[in-house]
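> Next one to model:
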Amino acid sequence: MPLLTCIDGSQFSFGILIQKKNIFVYDNGSLPTGATVTKILSSYDSQNILVRYSEDVYQTFAALLAPEAAVPEGLISIPYRSLFVSGSVEYAAVTARAALLLNWLHTNCFCASCGAPLFLSRTETAQECPQCRRIFFPVIAPCIIVLISKGDKILLARHLQHTTNIYTCIAGFIEAGESAEDAVIREVREEVGLTITDIRYRGSQGWPYPNQLMLAFRAEYVSGEIRVQKNELSEAAWFSRDELPSIPLPGSAAYQLICGDWY
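Model prediction:
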């Protein structure tokens with residue numbers, strides 16, 4: 001599925017216009033078309049358009065605006081996280097893919113081996129070096145997220161980097177050489193000091209912040225007292241399902257584990 005260096009997206013159904021972690025949509029939350037985004041981009045100077053591409057398979061024309069670029073007329077800016085909560089499944093999927101690819105194209109412009117400028121592959125979702133012919137694919141970082149049960153209670157934690165009072169599941173990146181199940185055991189041990197068993201895979205979600213693939217699990221408590229990893233968490237505790245604290249919104253893997261179909 002090659003990406004195209006197209007500057008006219010009139011033929012595409014979806015127009016994805018992103019600025020930092022926000023996406024531009026209509027007042028009713030619907031995405032503009034490729035034709036609309038093409039017209040909008042024609043009003044910007046080139047330095048305000050960091051990168052753009054189009055893609056036939058996903059019917060998407062996407063562009064990344066510079067942080068200082070003005071908000072386009074006729075559209076509003078919302079966090080693209082909102083589309084995971086209230087948007088259609090189709091909107092969430094094309095936006096997640098576009099956000100990841102735009103960030104990848106913007107931050108990976110030169111060959112890591114020889115320094116030559118990269119260009120888009122004509123045959124697959126990749127960039128190629130014209131000098132040493134190396135091929136670079138989008139990097140996806142696999143992560144785990146796990147909901148731990150202890151009888152009729154579940155373990156939720158508040159992360160230091162969150163500015164809101166949201167409690168969520170234990171999560172972390174999979175390290176080199178680990179299986180996903182190994183990462184679940186290690187992250188739980190490191191972050192809250194507990195031993196777990198009966199690890200069950202429940203689902204997955206692409207999470208473009210900027211490039212994660214979240215693998216969701218359930219697990220059962222075996223032993224240990226909660227011992228919070230201070231550089232990661234501010235608090236962790238057991239909660240009954242009828243007395244939950246503030247939790248992540250619908251559309252996230254955490255919500256699916258706590259309240260949704262993955263419980």
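> Which phi and psi values does Val94 adopt?
Backbone geometry at Val94, expressed as degrees, to the nearest 10, gives phi -70, psi -30.
> pretty sure it is touching Gly15, no?
No. Applying Cβ atoms under 8 Å as the test, Val94 and Gly15 come out as separate, 10.1 Å apart. Bear in mind the C-beta positions are built from the backbone N, C-alpha and C, glycine included.
> joint contacts of these two?
Both Val94 and Gly15 are contacted by 31, 60, under the criterion Cβ atoms under 8 Å, 6 or more residues apart in numbering.
> Of the two, which one has the most company?
Gly15 (27 against 21; other Cβ atoms under 10 Å).
> who are the neighbours in contact with the more buried one?
9, 31-38, 60-62.
> Need the residues you listed in JSON lines (columns: pLDDT, distance to Met1 and neighbour count).
As requested, these are exported to JSON lines (pLDDT from 0 to 100; distance: Cβ to Cβ, whole Å; neighbours: other Cβ atoms under 10 Å):
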{"residue": "Gly9", "pLDDT": "94", "distance to Met1": "16", "neighbour count": "28"}
{"residue": "Leu31", "pLDDT": "95", "distance to Met1": "20", "neighbour count": "25"}
{"residue": "Pro32", "pLDDT": "97", "distance to Met1": "22", "neighbour count": "22"}
{"residue": "Thr33", "pLDDT": "97", "distance to Met1": "20", "neighbour count": "18"}
{"residue": "Gly34", "pLDDT": "97", "distance to Met1": "17", "neighbour count": "23"}
{"residue": "Ala35", "pLDDT": "97", "distance to Met1": "22", "neighbour count": "16"}
{"residue": "Thr36", "pLDDT": "97", "distance to Met1": "23", "neighbour count": "20"}
{"residue": "Val37", "pLDDT": "97", "distance to Met1": "20", "neighbour count": "26"}
{"residue": "Thr38", "pLDDT": "97", "distance to Met1": "21", "neighbour count": "22"}
{"residue": "Thr60", "pLDDT": "97", "distance to Met1": "11", "neighbour count": "24"}
{"residue": "Phe61", "pLDDT": "98", "distance to Met1": "15", "neighbour count": "31"}
{"residue": "Ala62", "pLDDT": "98", "distance to Met1": "14", "neighbour count": "29"}
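> Can you flag which of those residues belong to strands?
60-62 (DSSP state E).
> quick one: buried residues of the lowest-mean-pLDDT helix or strand in the chain?
Within the chain, no helix or strand scores below helix 82-85, which has a mean of 77 by mean pLDDT, DSSP states H and E. Under the neighbour-count criterion of 16 or more other Cβ atoms under 10 Å, helix 82-85 has 82-84 buried.
> ranges for the strands of the stretch 51-200 of the chain?
Ranges of strands in the stretch 51-200 of the chain, per DSSP state E, counting those that start in this stretch, are 60-65, 76-79, 119-120, 127-128, 135-136, 141-150, 153-159, 170-173, 195-207.
> Let me see the mean pLDDT of the last one.
Strand 195-207 shows a mean pLDDT of 95.
> Over to the fifth one?
Across strand 135-136, the average pLDDT comes to 97.
> Dump stretch 68-83 to CSV, keeping only the CA atoms.
Written as CSV, here are the backbone C-alpha positions of stretch 68-83 (Å, rounded to 0.1, in the frame of the first residue of the first chain):
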residue,chain,number,x,y,z
GLU,A,68,1.9,28.3,14.3
ALA,A,69,-0.4,27.9,11.3
ALA,A,70,-3.8,29.6,11.6
VAL,A,71,-7.0,27.6,12.1
PRO,A,72,-8.7,27.1,8.7
GLU,A,73,-12.0,28.8,8.1
GLY,A,74,-15.1,26.6,8.3
LEU,A,75,-13.6,23.9,10.5
ILE,A,76,-13.0,23.5,14.2
SER,A,77,-10.0,22.0,16.0
ILE,A,78,-10.5,19.1,18.4
PRO,A,79,-8.1,16.5,19.9
TYR,A,80,-8.0,13.6,17.6
ARG,A,81,-8.4,11.4,20.7
SER,A,82,-12.0,12.6,20.7
LEU,A,83,-12.7,10.6,17.6
